[in-house]
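Visitor: With the sequence up front, the predicted model follows.
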Amino acid sequence: IHGTFSQTTGTFGKLWTEHPELVAALFKSYDNRVYALDHPTLGASPIANAITLAEAAPRKARLHLLTHSRGGLVAEVLARVCANPRLSDLDLF
């Protein structure tokens, strides 16, 4: 999950180009189920981005998240809600 003013390729592109063996091992380890979340960073809140991610993920999926910058906020929202589904928007700030 990328950071502010960026996209997946801007945040993680060098990982792909400079460490192809690591990327290949990552994809093999996850049986090619590696996804990226390109999300708006100014027009939507981390809460909205976390909802987008949750709705895009397969039902009952177990996610391992790699984040950068603001992407960590998106992941934190998702993790908090998964730990306590009764949280309100106010609990997330």
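Guide: Arrived safely, thanks for sending.
Visitor: Let me see the backbone angles for Lys60.
Guide: Phi and psi for Lys60, reported as degrees, to the nearest 10, are phi 60, psi 30.
Visitor: tell me how far stretch 15-24 is from the chain's mean position?
Guide: In terms of CA atoms, centre = their mean, to the nearest Å, the centre of stretch 15-24 is found 19 Å from the chain centre.
Visitor: ugh, wrong one, stretch 27-37
Guide: Chain-centre distance of stretch 27-37: 13 Å, with CA atoms, centre = their mean.
Visitor: Okay, buried residues for it please.
Guide: Within stretch 27-37, the residues scored as buried using 16 or more other CB atoms under 10 Å are Leu37. For the C-beta atoms, the positions are set from N, CA and C on the backbone; glycine is no exception.
Visitor: List the contacts of that stretch.
Guide: The contact list for stretch 27-37 (CB atoms under 8 Å, 6 or more residues apart in numbering) reads 1-2, 8, 12, 26, 49, 52-53, 56, 64, 71, 74.
Visitor: okay, those residues in a markdown table with secondary structure, neighbour count and pLDDT next?
Guide: Converted to a markdown table, those look like this (DSSP: H, G, I helix; E, B strand; the rest coil; neighbours: other CB atoms under 10 Å; pLDDT from 0 to 100):
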| residue | secondary structure | neighbour count | pLDDT |
| --- | --- | --- | --- |
| Ile1 | coil | 26 | 95 |
| His2 | coil | 23 | 94 |
| Thr8 | helix | 17 | 94 |
| Phe12 | helix | 18 | 93 |
| Leu26 | helix | 16 | 95 |
| Asn49 | helix | 22 | 95 |
| Thr52 | helix | 16 | 94 |
| Leu53 | helix | 20 | 94 |
| Ala56 | helix | 10 | 93 |
| His64 | coil | 8 | 95 |
| Gly71 | helix | 25 | 94 |
| Val74 | helix | 27 | 95 |
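Visitor: quick one: which of these is nearest to Pro85?
Guide: Leu53 (15.4 Å; CB to CB).
Visitor: so how far is Lys14 from the closest one?
Guide: For Leu53, the distance to Lys14 (CB to CB, to the nearest Å) stands at 23 Å.
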